[in-house]
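> Attaching a predicted model along with its sequence, questions to come.
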Amino acid sequence: MPRINPDTLDLTEQVIRTNKVQKTHKGGRTLSWNVLVAVGDKAGHVGLGLGKARAIPDAIRKSIEAAKKNLVEVPLVGDTIPHEVEVSWGASVVLIKPASPGTGVVAGGAMRPILELAGVRDVLAKSHGSGNAINTAKATMDALRRLKRAEVVSRMRGKSVDEMVPWLAKVVPAEEPAVVEAEPEPQPAAVAATEE
């Protein structure tokens, strides 16, 4: 998969989670932070990064740099995703389904900011199992990586989209020709005069 250049995109960052961690030494404890950040252009590109540092600003900067290196392209069909996908990462299980226009982003926790930054506006998502933000976020990213358009899969299989999805022609009716209303014929002047 070719790497996406983040400099060509107008990316927005969003902090998903900050976590304070302590390591105990012989002389005492050292305090540090890890920060989970998602970046995206809200038009089909999203990335996730985890940064660790002694101070929060440094951890955020590191996680943004990591997220820009892990950008993925999300295939969108209108404002939703092409098909349903379920992925597990650790003890977290994520289910993402396409939704009809106007549904909005029905997702919570770490899933919502990732889907919003990817540009998905109509989707149904559910997180099962562990609610750990890092595992849920990684499962969501893995689910978005697995999405494929029907045209790409049909090309790989050497079939047409109609052969692979025969029910689609029944669901989506062919465009009907536009009916143009005929204008009323003008009456001759002689007939109009007799009517008066």
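Great, that's in hand.
> so how far is G119 from V105?
Distance from V105 to G119, counting by C-beta to C-beta, to the nearest Å: 11 Å. Just so you know, the C-beta spots here come from the backbone N, C-alpha and C atoms, and that holds for glycine as well.
> Just want to know which of those two has more residues nearby.
V105 (19 against 16; other C-beta atoms under 10 Å).
> could you list every residue that touches the more buried one?
Contact analysis of V105 by C-beta atoms under 8 Å, 6 or more residues apart in numbering lists R112, L115, E116, V120, R121, D122, V123, A125.
> Go again with 10 Å.
79, 99, 111-113, 115-116, 118, 120-125 (C-beta atoms under 10 Å, 6 or more residues apart in numbering).
> go on, E13?
37-40, 47, 49, 60, 63-64, 67-68, 113, 117.
> cutoff 6 Å now
Residues in contact with E13 (C-beta atoms under 6 Å, 6 or more residues apart in numbering) are V37, V39, I64.
> does it sit in a helix, a strand or a coil?
Assigned with DSSP: H, G, I helix; E, B strand; the rest coil, E13 falls in the strand class.
> Could you check how far it is from K42?
Distance from E13 to K42, by C-beta to C-beta: 12 Å.
> circling back to that earlier point, any of the contacts of V105 buried? List them.
Buried residues within the contacts of V105, counting neighbours by 16 or more other C-beta atoms under 10 Å: 79, 99, 111-113, 115-116, 118, 120-125.
> what would these look like in TSV with pLDDT?
Shown next, in TSV, are these (pLDDT from 0 to 100):
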residue	pLDDT
D79	88
A99	90
M111	94
R112	94
P113	95
L115	94
E116	93
A118	93
V120	92
R121	92
D122	92
V123	93
L124	94
A125	94
